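**Q** pasting the structure only:
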């Protein structure tokens, strides 16, 4: 077991390496960064058996530790998941390089030419759960955006993450980039996370990905700015003027396509005038073995409804469970979302365009949808490419955090001797 | 003297009022917000004598307290400065409303229509020095961008700020907007600032404006995200291939047009091959009563040069003082800026476009200029309208913080029943 003093020294050393890599990475050409990514992909494929051995060790320890099936599933790698990691790296290499992009350019009456140009954001710290693939995804996205990254994955995935990280280093080496560009915290000591939260001299932004307790801890204790990725406590609201088929299909897809992703719906709100749509919806959910929770007004529509408690409205199930509430009005739906939502993704189903626009303008969430499944809350589905996650804060990044969101900008002013009167 | 427990209660109350104003302000029409601003401007003009009385009280107390002439000058109001405050409000009313602007809009192959739309940022806390005009500027900018604001000005300007704030409230009232939209901390107790730093439930972003110690305290202690406005430790670098006339004119303007603004140059770096330009430059500065500090290599060029100390390279004089260094190379200039600069505004004077581009790309500052005075570091000069200040961080806002920088965005997705495969 490592003593806290050692952790402090190690983390500071990693911070220094990252800062040193910063300038080189900021000036690195697109080709160089892409070479690092494609060589890392090759290395992932060549190292399949090594990665599998590491992952088997993690899985065995995880089973002994009593991880839930959902956690074990996130931890697990197999040849096809490893191939997905490799092709994910190649997909990021294929994305346009955001660094150096001219966001805007204009001339002033005095002849000054002003450009707003994308730059890297700085050193990024990513704190995530035990999902080994995030090691590659987050590492690659940060690299492509010109940012050194310090990765701290869940301790249960440490062997798998180390094996994947070794491949990323192979890529960096092949491209002649500093190894400080992508660093992995090799200790499972929780003190390392504590250090990351206060390393204001070395880390410019923290990206916490994971459960509510992790994200809340980071938000509470961090001195470093945070891109919060809170849970997705998402709502589908079926309006009085909803189309019943759309209401059914969107609800089923939003809940059941994949229950474990942050874009899944957790609470269904149904306008009182639309409650005749409930039996068919609950029937379909019941057939798909989704548990439906509701009060007496809801259970009056179907015998399969289980009782709902106050806690349900603020619970992100990430499972085949849906809480359902009948609301007396549109405003009551807005008010429920404002009270219990997590500002992630919310949807209205209605044929009334005026009502739809009111919902889209009023609901204060990163993503608001009209007549479309909440499961579209995904950078790829938005056409923005790979992402680190969905940010629920309003500062800098909101919604899918992809390459562009991992950049900053500066103003470049070109003159020919202008002075200010 | 108010006890800290009272301050805590008062600040929480202000936070609640701000949060309550939040939704109304987010949905307020452009006309309503503009009416509040133009009515506030009228009220400022009508209240000239009241404001002057309040300011006279502040000035007398400030003189007794022994404020420096520069501080007293910032504190001082007169009829023309009061008129400037009123017309500043009208100028902000005339700016386009950023809220609701569609930043981007695109269609996906599945028919989803995605828009990135500007929204308010949230409750903003502005902590500033004893400059009464900031009360109006910051209050108006936050209002126009749809953000409730809690203002905390320097205690020496409290009477003046209160008088100006009363006019802003008159404007809000005339427009039927909640008074919680623009609140002023009415206590000069420093504990109020301490509270603002940790009010994560009520304040979404802090904007500290002022000296290094204030900004550093806020950055160190704040739990609320911060738009840092660090000092402007700005450089002009005269390259080996600089045009002597431009070098002279830009240096003089960058230093002497106004010495007290954050865009003023504080250190002049001169390539060894350009040091023949120094006598004329130092001569002109000396004539304008600007003190020049340098080592033996610099003083060899002019008898007026005073000795420079290590501290000078990291001192923002905001005064008629310039530190000068002869550097052996372009890289030495970059390295000096990287070590001592504050990432605010830096300029290169050269006729060599390749060297200029290298400088513009490499220097990690919010604003980098080629052959133009650093005094252009100003939202108005950029054509961006009024600003709260120049941000030196890389998160969310960088450079001039005007209306657009005081907004966030969300994604609005319009569908016709799409579900995700």
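**A** Nice, thanks for sending it over. Because the structure is a prediction, the values reported are computed rather than measured.
**Q** ok, the nearest residue to residue A:197 once chain neighbours are set aside - how many residues close by?
**A** Closest residue in space to residue A:197, ignoring its immediate chain neighbours: residue A:222 at 4.4 Å, by C-beta to C-beta, 6 or more residues apart in numbering or on different chains. The way it works is simple: take the backbone N, C-alpha and C, and place the C-beta from them, glycine included. Close neighbours of residue A:222, defined as other C-beta atoms under 10 Å in any protein chain shown, add up to 23.
**Q** For the stretch 251-400 of chain A, what lies in contact range of chain B?
**A** Contact residues, the stretch 251-400 of chain A versus chain B (C-beta under 8 Å from any C-beta of the partner chain): A:252-254, A:257, A:356, A:360-362, A:364-373, A:375-376, A:381-383, A:394-396, A:398-399.
**Q** Residue A:150 contacts residue A:124, correct?
**A** Yes - counting by C-beta atoms under 8 Å, residue A:150 touches residue A:124, with 7.4 Å between them.
**Q** shared neighbours of the two, anything?
**A** Shared contacts of residue A:150 and residue A:124 (C-beta atoms under 8 Å, 6 or more residues apart in numbering or on different chains): residue A:203.
**Q** Show only the entries of the residues of the stretch 251-400 of chain A next to chain B found in helices.
**A** A:252, A:253, A:254, A:356, A:360, A:361, A:362 (DSSP state H).
**Q** What about residue A:394, how many residues nearby?
**A** Neighbours around residue A:394, by other C-beta under 10 Å: 23.
**Q** contacting residues for it?
**A** B:119, B:121, B:122, B:204, B:408.
**Q** Filter the residues you listed to keep only those in contact with chain A.
**A** Answer for the contacts of residue A:394 near chain A (C-beta under 8 Å from any C-beta): B:119, B:121, B:122, B:204, B:408.
**Q** Was I right to think the second one contacts residue B:406?
**A** Yes - counting by C-beta under 8 Å, residue B:121 touches residue B:406, with 5.6 Å between them.
**Q** Counting neighbours, go ahead and name the busier of those two.
**A** Set side by side, residue B:121 and residue B:406 show more neighbours around residue B:406, with 29 against 22, by other C-beta under 10 Å.
**Q** contacting residues for residue A:191?
**A** Counting by C-beta under 8 Å, 6+ apart, residue A:191 touches A:4, A:7, A:8.
**Q** ok, 6 Å please
**A** Residue A:191 makes contacts with A:4, A:7, as judged by C-beta atoms under 6 Å, 6 or more residues apart in numbering or on different chains.
**Q** Tell me how far it lies from residue A:148.
**A** With the distance defined as C-beta to C-beta, to the nearest Å, residue A:191 ends up 22 Å from residue A:148.
**Q** what's the answer for residue A:342, then?
**A** On the measure of C-beta to C-beta, residue A:342 and residue A:148 end up 30 Å apart.
**Q** For these two, indicate the residue with more neighbours.
**A** Applying other C-beta under 10 Å to residue A:342 and residue A:148 shows that residue A:148 carries more neighbours, namely 31 against 23.
**Q** Show the pLDDT at the more buried one.
**A** For residue A:148, the pLDDT comes out at 98.
**Q** shouldn't it be in contact with residue A:20?
**A** No - with contact defined as C-beta atoms under 6 Å, residue A:148 does not count as touching residue A:20 (8.5 Å).
**Q** so what sits against both of residue B:121 and residue B:406?
**A** When contacts are counted by C-beta under 6 Å, 6+ apart, residue B:121 and residue B:406 have residue B:147 as shared neighbours.
**Q** So what touches stretch A:400-418?
**A** By C-beta under 6 Å, 6+ apart, stretch A:400-418 touches A:95, A:98, A:103, A:110, A:112-119, A:121, A:144-145, A:147, A:379, A:382, A:384-385, A:387-391, A:397, B:246, B:360, B:366-372, B:394, B:398-399.
**Q** Only the buried subset of those residues, as a ChimeraX command please.
**A** Buried residues among the contacts of stretch A:400-418 (16 or more other C-beta atoms under 10 Å in any protein chain shown), as a ChimeraX selection:
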select /A:95,98,112,114,115,116,117,118,119,121,144,145,147,379,382,384,385,387,388,389,390,391,397 /B:246,360,366,367,368,369,370,371,372,394,398,399
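**Q** What segments of the stretch 201-350 of chain A are helices?
**A** A:212-221, A:244-256, A:278-287, A:296-299, A:330-340 (DSSP state H, counting those that start in this stretch).
**Q** Select from those the stretch with the lowest mean pLDDT.
**A** Among those, helix A:212-221 scores lowest, with a mean of 81.
**Q** In TSV: the ones in helices among the residues of the stretch 251-400 of chain A next to chain B, plus distance to residue B:80.
**A** Converted to TSV, these look like this (distance: C-beta to C-beta, whole Å):
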residue	distance to residue B:80
A:252	68
A:253	64
A:254	61
A:356	51
A:360	46
A:361	42
A:362	44
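**Q** Show me which pair in these is furthest apart.
**A** Using C-beta to C-beta, these span at most 27.1 Å, a distance reached by A:252 and A:361.
**Q** Which one of those two is surrounded by more residues?
**A** Neighbour count, other C-beta under 10 Å: between residue A:252 and residue A:361, residue A:252 has more, with 20 against 16.
**Q** Near the nearest residue to that one once chain neighbours are set aside, how many other residues are there?
**A** Nearest residue to residue A:252 in three dimensions, chain neighbours excluded: residue A:284, at 5.4 Å (C-beta to C-beta, 6+ apart). Other residues near residue A:284 number 16, with proximity taken as other C-beta under 10 Å.
**Q** ok, now residue A:335?
**A** Residues near residue A:335, counting by other C-beta under 10 Å: 12.
**Q** just residue A:51 next, same as before
**A** Neighbour count for residue A:51, taken as other C-beta under 10 Å: 26.
**Q** do the same with the one 3 residues further on
**A** For residue A:54, the neighbour count with other C-beta under 10 Å is 22.
**Q** Which residues are in contact with it?
**A** Per C-beta under 6 Å, 6+ apart, neighbours of residue A:54: A:159, A:160, A:163.
**Q** so how far is stretch A:40-58 from its chain's centroid?
**A** Here the centre of stretch A:40-58 is set off from its chain's centre by 24 Å, with C-alpha atoms, centre = their mean, to the nearest Å.
**Q** cool, and stretch A:62-72?
**A** In this view, stretch A:62-72 has its centroid 22 Å away from the chain centroid, taken as C-alpha atoms, centre = their mean.
**Q** Quick one: end-to-end distance for it.
**A** 7 Å (C-alpha to C-alpha, to the nearest Å).
**Q** Can you classify residue A:119 by secondary structure?
**A** Going by DSSP: H, G, I helix; E, B strand; the rest coil, the secondary structure assigned to residue A:119 is strand.
**Q** ugh, typo on my part, it should be residue A:177
**A** coil.
**Q** Find the nearest non-adjacent residue to it, please.
**A** residue A:36 (5.4 Å).
**Q** Checking the lowest-mean-pLDDT helix or strand in chain A against chain B, do any of its residues make contact.
**A** When the helices and strands of chain A are scored by mean pLDDT, DSSP states H and E, helix A:212-221 comes last with a mean of 81. No - using C-beta under 6 Å from any C-beta of the partner chain, helix A:212-221 never reaches chain B; the gap is at least 7.4 Å.
**Q** Cool, thanks, signing off.
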